[in-house]
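[1] the following comprises the amino acid sequence and a computationally predicted model.
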Amino acid sequence: MVIVNFKMVMGAEHNGPAWLVNMVSLLSGRAAATFVILAGIGISLLSSKARISNNRVELRSNRITLLKRALFLFVVGLLYTPIWPADILHFYGIYIAVAAFLLASSSRKLLVYSGLLVFGFLVMIFTLDYGQGWNWETLNYNDFWKPAGMIRHLFFNGFHPVIPWLAFLLVGMVIGRLDLNKPDIRKKLLIIGGSVALVAEVSSRLLISVLTENSNAVDSETIVAIFGTGPMPPMPLYMLAGAGSGIVVIVLMVILGRKFGDSIWLRPFVSTGQLALTLYVAHVIIGMGVLESIGKLENQTLPVSLLASAVFCTVSVVYAHYWRKRFKRGPVEAFMRYLT
């Protein structure tokens, strides 16, 4: 996430060796998708006791807790948007609010809903104007603060629109109901996730290669938008690639945790994960703030942006490790917990 966002604001996306540009471009949209899947897993873990026992009182309590957190993230995200227009927190608020009412839904229904969201976006993009509200040169959304513009941005053509991004969270809710302590389940998820991501990526490249062979520049751009695996617009092949790669990363981390348990070298990374919300806010306010103060926020090379990302991530891991030695939760996490 830090790599993707730093290279974007530093203007370094295409300023580097071709092999490095291609490699880093594969990360675009993948980190955010992984985080949304993780949110779905967390929701299932939070509500597992109530769901399994079908305790309506507990389910209602879980829903209220989730709705409070959804409201917190939505409000904080909107306040954060003037600083960071690509904010995902206010989208999380909508995702979680919807998920709160789906706690008792079967896994099969959740997967069906996921498919409908992806299909629904496909219908929308061919019937509505995806570019409405956008200034693509500056990445400014002109009528974001108007009711119609905000709804359009939230549900259709924003950075992480509810349709279809909510599908990632619903897939995560399904995964969160599985026993990832079982090696056979982890193996199946690795195979499924890896296969889905691989098929989506290979299909995308083949389709783009074949269809753009005799096309003009405008047609080629449209073909890449429809059959590419970039996050904007979030077309079906991107959704499959993002979900598949996210599942693989999460399962690999579970395997790592199971194998090394409470190893000393692993603890700082566990602490880092526990401060994810704080570090998300910090990577913009502090990370990009420092880059701007030293004149490194524009017209930089990709290697420089990767170096900046590495420095920020290293400092974050060290900070998280020592913070967790003294406090149970991160600053922003504790504030959210206090309010909700």
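    All right, it came through fine. Numbering: from 1, shown residues only.
[2] for the rest of this, base every contact and every neighbour count on C-alpha atoms.
    Fine.
[3] which elements pack onto the host helix or strand of His90?
    Assigning secondary structure by DSSP states H and E places His90 in helix 89-100. Other helices and strands packing on helix 89-100, by 3 or more CA pairs under 8 Å, 6 or more residues apart in numbering; DSSP states H and E, are helix 56-80, helix 162-176.
[4] mean pLDDT lowest where, among these?
    Mean pLDDT per stretch puts helix 56-80 lowest among the helices and strands packed on helix 89-100, at a mean of 94.
[5] show me what counts as buried in the lowest-mean-pLDDT helix or strand in the chain.
    Every helix and strand in the chain was compared by mean pLDDT, DSSP states H and E; the lowest is helix 217-227, with a mean of 84. Using 16 or more other CA atoms under 10 Å as the burial criterion, the residues of helix 217-227 that qualify are 220, 223-227.
[6] and that helix, what does it pack against?
    By 3+ CA pairs under 8 Å, 6+ apart, helix 217-227 packs against helix 183-211.
[7] state the mean pLDDT of the helix it packs on.
    In this model, helix 183-211 has an average pLDDT of 95.
[8] now do the buried residues in that helix.
    Across helix 183-211, burial judged by 16+ other CA under 10 Å covers 186-187, 189-190, 192-198, 200-201, 203-204, 208.
[9] please identify which two of those are farthest apart in space.
    Pairwise distances across the buried residues of helix 183-211 (CA to CA) peak at 32.7 Å, for the pair Arg186 and Ile208.
[10] one step back: who wins for proximity to Leu110 among the helices and strands packed on helix 89-100?
    Across the helices and strands packed on helix 89-100 (criterion: CA to CA), the nearest stretch is helix 162-176, sitting at 5.7 Å.
[11] next, the angle helix 183-211 makes with the closest one.
    Using axes from the mean of the first three to the mean of the last three CA atoms, to 10 degrees, the direction of helix 162-176 lies 150 degrees away from that of helix 183-211.
[12] residue ranges with poor pLDDT in the protein?
    Within the chain, the ranges that satisfy pLDDT under 70 run 217-218.
[13] which secondary structure element contains Pro82?
    Using DSSP H and E, Pro82 falls within no helix or strand.
[14] so how far is Phe260 from it?
    42 Å (CA to CA, to the nearest Å).
[15] okay, the helices and strands packed on helix 89-100, which one's buried deepest?
    Comparing the helices and strands packed on helix 89-100 by mean neighbour count (mean count of other CA atoms under 10 Å), helix 162-176 comes out on top with a mean of 25.
[16] which elements pack onto it?
    So helix 162-176, by 3+ CA pairs under 8 Å, 6+ apart, packs with helix 30-53, helix 89-100, helix 107-127, helix 236-260.
[17] which residues touch that helix?
    33, 36-45, 91, 94-95, 99, 107, 110-111, 113-115, 117-118, 120-121, 154-156, 234, 239, 243 (CA atoms under 8 Å, 6 or more residues apart in numbering).
[18] and the residue with the largest distance to the centre of the chain, what element?
    Centroid-distance maximum for the chain: Asn214 at 35.0 Å, with CA atoms, centre = their mean. Element membership for Asn214, per DSSP H and E: none, as it lies in no helix or strand.
[19] which of the buried residues of helix 217-227 sits closest to Gly289?
    Checking the buried residues of helix 217-227 against Gly289 with CA to CA, the nearest one is Ala225 at 32.2 Å.
[20] with adjacent residues omitted, what lies nearest to that closest one?
    In space, and not counting its chain neighbours, Ala225 is closest to Pro233: 6.6 Å by CA to CA, 6 or more residues apart in numbering.
[21] care to break this structure down by domain?
    Each domain of the chain is listed here as a residue range: 2-177+261-339, 191-260, per automatic domain parsing.
[22] how near is the closest residue in space to Arg177 that isn't next to it in sequence to Thr81?
    Leaving aside its chain neighbours, Arg177 sits nearest to Ser44 (6.1 Å; criterion: CA to CA, 6+ apart). Using CA to CA, Ser44 is found at 28 Å from Thr81.
[23] higher neighbour count, the two?
    More crowded of Ser44 and Thr81, by other CA atoms under 10 Å: Ser44, with 23 against 16.
[24] can I assume the more buried one is in contact with Leu102?
    No. With contact defined as CA atoms under 8 Å, Ser44 does not count as touching Leu102 (10.2 Å).
[25] among the contacts of helix 162-176, the buried ones, what's the PyMOL command?
    Selection of buried members from those for PyMOL, criterion 16+ other CA under 10 Å:
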select buried, resi 33+36+37+38+39+40+41+42+43+44+45+91+94+95+99+107+110+111+113+114+115+117+118+121+154+155+156+234+239+243
